Each structure stands twice: as C-alpha cells, then as structure tokens.
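1. next one to model:
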Amino acid sequence: MGSMGWESNYWIWDTVFIPRVMGGLMVMAALLGLSTGYFGALPVPGLPAALLPSSFGLFPRRNGRKKVRVYMDGCFDLMHYGHANALRQARALGDELVVGVVSDEEIIANKGPPVLSLEERMVMVSGLKWVDEVIADAPYAINENFMNKLFDEYNIDYIIHGDDPCLLPDGSDAYALAKKAGRYKQIKRTEGVSSTDIVGRMLLCVRDRPNSDNHNHSNLQRQFSHGNSHNDDGGSSSSGTRVSHFLPTSRRIVQFSNGKGPGPDARIVYIDGAFDLFHAGHVEILKYARNLGDFLLVGLHTDQIISAHRGPHHPIMNLHERSLSVLACRYVDEVIIGAPWEVTKDMITTFNISLVVHGTVAENNDLLNGDVDPYSAPKSMGIFKIIESPRDITTTSIMKRIVANHEAFKKHVPVFPYYST
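-> Here you go, the predicted model:
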C-alpha cells in the first residue's frame, strides 16, 4: 500500500487498532506489576524493542520524510552579498543545499577570465552558512549527463536559479533541461549589486591614481560600468561608474543573522577591519579567529574611517553591504556595524571580550594613523594577539588582478556581461 493509503487509513489506527493494542499492553504491564509485588523482587524483563509496535511499521511517522536536496550553481567570482542572498533563498527551498562552482576553463570560454581562482571561489562558497556541500568544476551549462548525475549520484530534487535570464552564447536557456524535467525552481534576484558594477567601482580607484595607463584603465572602467543591459538614470558618477543601489533593511539583516548571543561563560573573540570586497583571505582568518574561542564578534569600520585611512573611493562596498557579506560567513556569530577605530576598555567590558586579534596581512595604511595605536587597550590588558593570516590576498591585490587582465576583459565584456550567477 502506498503512502496515500496510510494517510487515508489513519482513522483506523487512531480510533480502533492503537487504543486496543495500547490497552492490552497496559493490562499486561499491570499484571506484571501485581506479580512482582506478590512474589517479591522478581526481575521482570523489559519489553524487547523487537516487539514494540513501531518495529513492525504499525505506527508510520506522519512527519517523517526524505530530505529535500537542492542544487544551485554559479561562477561566484568577486562574490558579494547578492550571491549570498541567492544561496540563502535556495537553501530555504530545501533541507540541504549543494552548490556547483564553475571551473576556470568554463568561465574563460563563456565570460572571460575569472578574477579569483577556482580554489579561492571554493573557499568563499564553502564559507557560507547556508551551504551544505560544494561540487568543484561544475559545467557552465547543465547538460543531460550532468543533470542525471545530479539526480542519481547527488540525490538532487530541484535545480535552482534566479529569475534573471541565463543564456548561453548561442542564445539558448542554460536551464532548459531542468525545466523540461519539472525539477526547476526559481528565486528572486537581489537587486542593486552585480560583479560588473563592483569592477566598475574598483576601476574608479585605479583611474584616480597617477599612472601612465590611465587611459586604458578608464576605457576598461567604462566597459564594465555599462557591461549589462540595464539602464540606470540616477546614482551614477560623472565617470559612468555606478554607485551602490543597495537599500538596507532590518529584515535583510535579520535574515543573514544567527540570532543567537554568547553563552554566560563563552570566550568571546573580537576582530575588526574593513572586510571590503569580502574574499577568501577574510573567510580563512575568520575561521582561524573563531577557533580561538566560543563566539566570534566582528567589528566593521565605517565608510568614513576606511576612506580616511585608504583614500578616496574606498571602501569599494559600503558599510551595509560589507555587513551582509560578513554576516553570511559561517564562522561569524555577531557583527558590530560601524565599529570604532580604537578598541577601548569600555568596549571590551561592554561586549565581554576575552581576546582581540589582528592578522598579519592588511592594506598598507590600516595600522598607520599617526601615533595612535588602536589596540593599546587590549595590549595593556594582555588580551591582544597577532595571528598569521592564512593568505596574502587583499582588496588592492584583487584590483591589480583586474588591471592585469585588461585585454582579456576588454575582449569578452561586450559579448558576455560580467555577471557571476
């Protein structure tokens, strides 16, 4: 009998069979109880598990069901909060989220060379709190063989993508097969951000630096800034580079937050910084810091503080955008949005901080602010620690990669807009 038969016959179990069986068991228990009371401390064995009604399948679990596994893929290059929000939405459509990360070769063939390597992109995706499993070297287009592999080997129930069209170079739908199979679900794209726009913001910084290649950099900037088909009338600078159109809401912050505070005896570790253009180096140092305690508190400096230390057009991502990227990281428990530059004793007391840490890799000017040491208080309290940064990647080094790929980007962008999902 199928599951529908069980559902339709529940009244039989609930009103006839179960009461009689349970009644019989209760009478048996009562008799055994009387017999032990009468005969003294006569040992009475418990009812064997094999004889329990559940062992015969007599009580089917009404809420028992197979876990729904969903799949979403992407390039995830220059990963931002829009990618994180897409994966959050995908995870909400199932119980487990499997993410496919497209190979470098596939990206080069379809969109131009990626800024980040496959290994770096894998670190980024694996570091998201909503991701349960990652598949490396996923194809850019889901062909029939790979789709069957997802269904048969990875037990995928549904393939997920955003509501923006994803077309292959020949104009066909990259998810046509999944739709035809009836195993496709759609989520809403996060407006206000794309990898194309982020590249444009970075190249604005390059343009304003004295450099003999400024003319080429400006051309590259314009190509990225106008690389997609959307037309925006407001919010653009005179250079043509888009500014952030992100509108922060408390609901979105709640969606990204853990919603849990530290325990009464938790060892709270604090690390602060810009965390601009959130990258694999950030993910790995946050993982390292989290392992030093029970609760990781991350302080995000304001846009004004970062601009004062790094120069105009910094940060690339504004405070609220950076907050969501950090909150999406599985190793982060809580974020201070707009943390002060200096870590004071009052701040340490207020948040019950046990340890303050800082990495060895940072932007050049981050710790050069005259004679002011932002960590003088935790140092005097003996709770400051320098930790070895697992990677030497920085926001500046990512910008240099983009400039180094100038010719390749210029060739591909007009045909394949640089949008990573």
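
2. which SS class is Ala289?
-> helix (DSSP: H, G, I helix; E, B strand; the rest coil).

3. show me the contacts for it.
-> Ala289 sits next to Val269, Ile271, Leu296, Tyr331, Val357, Ile387 when contact means C-beta atoms under 8 Å, 6 or more residues apart in numbering. The way it works is simple: take the backbone N, C-alpha and C, and place the C-beta from them, glycine included.

4. the fourth one touches Glu284, doesn't it?
-> No - with contact taken as C-beta atoms under 8 Å, Tyr331 and Glu284 are classed as non-touching, separated by 9.2 Å.

5. neighbouring contacts of stretch 311-321?
-> 80-81, 193, 198, 201-202, 204-205, 208, 244, 246, 248, 274, 276-278, 300, 302-303, 306-307, 322, 325, 337-338, 365, 395.

6. please read the previous query as pertaining to stretch 96-103.
-> Contacts for stretch 96-103 (C-beta under 8 Å, 6+ apart): 67-76, 87, 90-91, 118, 121-122, 125, 130-140, 150, 154, 156.

7. buried ones among these?
-> Listed as buried from the contacts of stretch 96-103 are 69-76, 87, 90-91, 118, 121-122, 125, 130-132, 134-135, 138, 140, 150, 156; burial here means 16 or more other C-beta atoms under 10 Å.

8. where's Ile253, which helix or strand?
-> helix 250-256 (DSSP states H and E).

9. now for Asn352: which residues touch it?
-> Taking C-beta under 8 Å, 6+ apart as the definition, contacts of Asn352 comprise Pro262, Ile268.

10. that older thread, among the contacts of stretch 96-103, which ones are in strands?
-> Arg69, Val70, Tyr71, Met72, Asp73, Gly74, Glu133, Val134, Ile135, Ala136, Asp137, Ala138 (DSSP state E).

11. so which of these comes closest to Ala174?
-> Asp73 (9.2 Å; C-beta to C-beta).

12. specify the beta-bridge partners of the closest one.
-> Gly100 (DSSP bridges).

13. next, the distance between the ends of stretch 348-363.
-> 25 Å (C-alpha to C-alpha, to the nearest Å).

14. oh, that last question was meant for stretch 145-165, not what I typed.
-> End-to-end for stretch 145-165, by C-alpha to C-alpha: 22 Å.

15. can you list the buried residues in that stretch?
-> Going by 16+ other C-beta under 10 Å, stretch 145-165 has these buried residues: Phe146, Met147, Leu150, Phe151, Ile156, Asp157, Tyr158, Ile159, Ile160, His161, Gly162.

16. for Lys400, give me its contacts.
-> Applying C-beta under 8 Å, 6+ apart, no residues qualify as near Lys400.

17. average pLDDT for the helix or strand where it lies?
-> Assigned by DSSP H and E, Lys400 belongs to helix 395-404. Here helix 395-404 scores 85 as its mean pLDDT.

18. next one: stretch 278-286
-> Here the average pLDDT along stretch 278-286 is 96.

19. CA atoms only for that stretch, dumped as PDB, please.
-> C-alpha atoms of stretch 278-286 as PDB (Å, rounded to 0.1, in the frame of the first residue of the first chain):
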ATOM      1  CA  PHE A 278      34.900  40.100   1.000                       C
ATOM      2  CA  HIS A 279      37.400  37.400  -0.200                       C
ATOM      3  CA  ALA A 280      39.000  34.000   0.600                       C
ATOM      4  CA  GLY A 281      41.600  35.700   2.900                       C
ATOM      5  CA  HIS A 282      38.800  37.100   5.000                       C
ATOM      6  CA  VAL A 283      37.000  33.700   5.300                       C
ATOM      7  CA  GLU A 284      40.100  31.900   6.400                       C
ATOM      8  CA  ILE A 285      41.200  34.400   9.000                       C
ATOM      9  CA  LEU A 286      37.700  34.500  10.400                       C
END
